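[1] Let me see the structure of the following:
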Amino acid sequence: MSRDLEQLAVDTVKTLSMDGVQQAKSGHPGMPMGMADIAVTLWTRHLMVDPTDPLWPDRDRFVLSNGHGSMLLYSLLHLAGFKVSLDDLRSFRQWGSITAGHPERDPMLGIEMTTGPLGQGFGTAVGMAIAEEHLRAVFGADLVDHHTYAFVGDGDMMEGISSEAASLAGHQGLGKIVYLYDDNEISIDGSTDLAFTEDVAGRMQAMGWHTLDIDGHDRQAIDQAISEAKAVGDKPSLVICHTHIAHGSPNLQDSEKSHGSPLGDEEIAATKEAMGWPVDARFEVPAEAAGWFAAAMEKGGRARLAWEERRDAAFSADDALAARWSAYWEPRPVTVPSLGAEVGSSMATRAASGKTINALAPMLPNLLGGSADLAPSNNTMISGSAAFQVGSRDGRNFHFGVREHAMGAALNGMAVHGGLRPYGATFMVFNDYMRPATRLAALMGAPTIFVYTHDSVFLGEDGPTHQPIEHLASLRAMPNMWVVRPASAAETTEAWELALNRSDGPTTLVLSRQGLPEFERTGRDGATALGGYVARDGSDAVLVATGSEVGVALGAAELLAERGVSLRVVSMPCWEAFFAQDEAYRSGVLGEGLPVASLEAATTFGWERFTGRDGLMMGIDRFGASAPAARLAEEFGIDADAVADRVAAWLVG
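    Purely as a prediction, here's the structure:
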C-alpha cells in the first residue's frame, strides 16, 4: 500500500468536503476533515462493500451517525465507485439532489440509513448488528458473517439514546459492532468541557464494551485498532479517536467555527496551499487517488464473489436451505388466518394481536420482536421460541428492557438491514419515549411494525400519566406513518396483514387493554385494508369511530333506532389507508350529503377531516383520570347512552 497515494486520497476527501460545503454556502466541513484519516483507513483496508452490487446481503453495514458530516460520506461514496458523481457533490444540499444536507437512506447509493438526529445512527446500527447475529445463527457463517461499523461523535455520545443502545448492545455481547468515535472535543457552543466531562471509556466499559484509545490521525494506529476490535468477538467495540476538527486548516483547526459553517474561500485556499493542493482547483479528484481508492475497494467485490460461490454450493446441496433463504430475503404477500372469534364474544385487541403473532410465526420464520419489559401485557411472545440472547441467537423473542428509545431505533436497524420483519411493543403513552425512531422509520420508509397497547383512558386506574390522549393525532400527523386502531379480533388480524404487506413505510398497531365485542362483519372480510368501511348501514347520519369506540357507536345506533333515527356506523381503523382509496369508495362509505360525527376516546384534533366544520366531534380534549374504566366512560361521555343522546341533540339542534 502506497502511503503517498493513501495521503492523496485523504487530502482528496478533505478538499471535496471543503469545496462541497463552500459551494452550498452551508454545511459542516470540520468533521469530514477531522475524520478523513479514519474514513480512508476503514473504507480501503476493512469495509467489505461492493459498489457493483450495493444490495449484496452479506456486505458490511456502515452508518454515519454524526450525519452532519455528510460530505465525508458522499466523498467516500464517489471515490468508492457508488453512483455518486462529481456533479452530485457539486449540488450538495440543493433541491432534488441525492447529496442532501444529512444522508438519506438509499442502499443502492451505499447509504444504509437516514442520519442526522444525533444518537439515532448509534441505536439503529445496534439493530443492524442484532439482525446479523440472528441471521448468522439461522443460516451459518458461510452465508452471514459481516460487521457493523459506525462513525459517532460527541453529540451522539451525549444523547440519552446512546446509553440505552450501548447498554443493550453490551448486554447482548454484539461483538460484530465497531464504532469509531470522533473525539475532537468541540461542539457548536465551543469546547465540549462546557457540558461534557464524563469518562466515556469508563461508561462504555461498565456497559460491557471493549474500548481502545488512539490518535485519530495515525492511520497505522487506526488500522490496528479496527483489527483488534474485529478480533474481540464477544463485546461491541468503541475506538476512541482523538482528532482535530478541520484538521489541516491553518486558522480554523480546533475551532467551533468549522463545525457548522463553510471555511470561506480564503481559508480553503490557505488549507489547500498548506497541503500542497492546487489552490484554485474545485472538486479536484486526482486520477492517482481515484485509481488507488477504487483498487482498494475491489476487496469487497472479491468477497462478494466468494460469498456467491459459497451460497450457490450450499443451495445446491440443500434445497430446504435455499427455500428458507428465499422466505427471509424474498418476501411474498401475506394472508393472515382468521382467529374465528364468534359474534358476541369479547376479546381485547392486544390479546387478538398475540394470537395473530403466534398464528403467523410458523408461516413467517423471519417475524420476530418483543417488548420494552411489558411482554405479558403487550402479548408479544412467540410461543415455542427462545429469547434472543448470547446463548440463543436464533431466538425470536426480544427483551429490550425499559429502553423504548433504543428499542425503536434497534427495530429500525433490523428492518433496514434486510431479511427480517421486526416488531416492538410498549404502552401507547410511551410512544413519547420513542418518537424520534418512529419519525425516522417514516422518513426512511422502513417497514418497522410498532405495537402499542393500553390505547386509551380505558386502561383505567393507572391514571392520566398512562392514558394516551394526544398520541393518535400526533402519529397520524406524521407523513408515511400508517396508524391502525382495530375494533375487534377480526380487524386485528387484518391490521397485521396490512402491516406485513406494507414495504415502503412503518405501521403502528394501536390495541386495547379491555375486551371488545366482536360484531357482525358478514361480507366485510379484509375491509381493514381499505382503512374504513360501513359496519352498520343507516340513512340519517354517519358516526365514524375507531377501536373500542366502534362497539360504543354500534350500541348508540341501536338506541337511536328505537327513537326513529337511522345511524350509519363506520369503522375507521386506518385513516391513511382510507384516504388512499379513490373518491368513489370514500363517498360510498361516508355517504353523499349525510351529516358526519366522530367518536374516539382521545383528542378530537384532526377529526374535522371527516366531520367538516358543522359535524359533531366526540372525544376527550383533556388529560384522563384515575378510576375504573366504566366510570371513566360515564364521566367522559364515551358510553352508548351518552353518545346516543349527543347525536340525537346534534341532529335536531
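[2] so how far is the helix ranked longest in the chain off the chain centroid?
    Identified as the longest helix of the chain according to DSSP state H is helix 287-317. Its chain's C-alpha centre and that of helix 287-317 lie 29 Å apart, by Cα atoms, centre = their mean, to the nearest Å.
[3] Now that helix: average pLDDT?
    In this model, helix 287-317 has a mean pLDDT of 97.
[4] Extract the C-alpha trace of whichever helix or strand comes after that helix and format it as CSV.
    Next helix or strand after helix 287-317 toward the C-terminus (DSSP states H and E): helix 319-329. Taking C-alpha atoms only, helix 319-329 is exported to CSV below (Å, rounded to 0.1, in the frame of the first residue of the first chain):
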residue,chain,number,x,y,z
ASP,A,319,-33.0,-27.3,-1.2
ALA,A,320,-34.5,-26.6,2.2
LEU,A,321,-31.8,-24.1,3.0
ALA,A,322,-32.4,-22.3,-0.3
ALA,A,323,-36.2,-22.2,0.3
ARG,A,324,-35.6,-20.9,3.8
TRP,A,325,-33.3,-18.1,2.5
SER,A,326,-35.9,-17.1,0.0
ALA,A,327,-38.5,-16.9,2.7
TYR,A,328,-36.4,-14.4,4.6
TRP,A,329,-35.0,-12.3,1.7
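[5] so helix 319-329 versus helix 287-317, what angle?
    Put simply, helix 319-329 runs at 130 degrees to helix 287-317, going by axes from the mean of the first three to the mean of the last three Cα atoms, to 10 degrees.
[6] Partner strands of the next helix or strand after helix 319-329 and their direction?
    Under the assignment DSSP H and E, the closest C-terminal helix or strand after helix 319-329 is strand 346-348. Strand 346-348 has these partner strands in its sheet, going by DSSP bridges: strand 515-517 (antiparallel).
[7] who's in contact with the partner strand?
    344-349, 487-489, 547-548, 550-551 (Cβ atoms under 8 Å, 6 or more residues apart in numbering). C-beta: built from backbone N, CA, C; applies to glycine.
[8] Farthest-apart pair in those residues, please.
    Spatial extent of the contacts of strand 515-517 (Cβ to Cβ) is set by the pair Gly344 and Gly547 at 18.6 Å.
[9] Tell me which of those two has more neighbours.
    Gly547 (29 against 9; other Cβ atoms under 10 Å).
[10] Spit out the contact partners of the more buried one.
    Contacts of Gly547 (Cβ under 8 Å, 6+ apart): 349, 455-456, 485-487, 510, 512, 516, 573, 600-601.
[11] Okay, and the residue lying closest to Ile449 once chain neighbours are set aside sits in which element?
    Leaving aside its chain neighbours, Ile449 sits nearest to Tyr423 (3.9 Å; criterion: Cβ to Cβ, 6 or more residues apart in numbering). According to DSSP H and E, Tyr423 maps onto strand 421-427.
[12] Partner strands of that strand and their direction?
    Per DSSP bridges, strand 421-427 is paired in its sheet with strand 367-371 (parallel), strand 449-453 (parallel).
[13] any idea how far Thr380 lies from Phe450?
    Distance, Thr380 to Phe450, using Cβ to Cβ, to the nearest Å: 12 Å.
[14] okay, the two: which has more neighbours?
    Taking other Cβ under 10 Å, Thr380 and Phe450 do not tie; Phe450 has more neighbours (28 against 24).
[15] was I right about that one contacting Leu411?
    Yes: contact criterion Cβ atoms under 8 Å: Phe450 and Leu411 qualify, at 7.5 Å.
[16] Overlap of the contact sets of the two?
    In contact with both Phe450 and Leu411: 423-424, 441, using Cβ under 8 Å, 6+ apart.
[17] Alright, that wraps it up for me.
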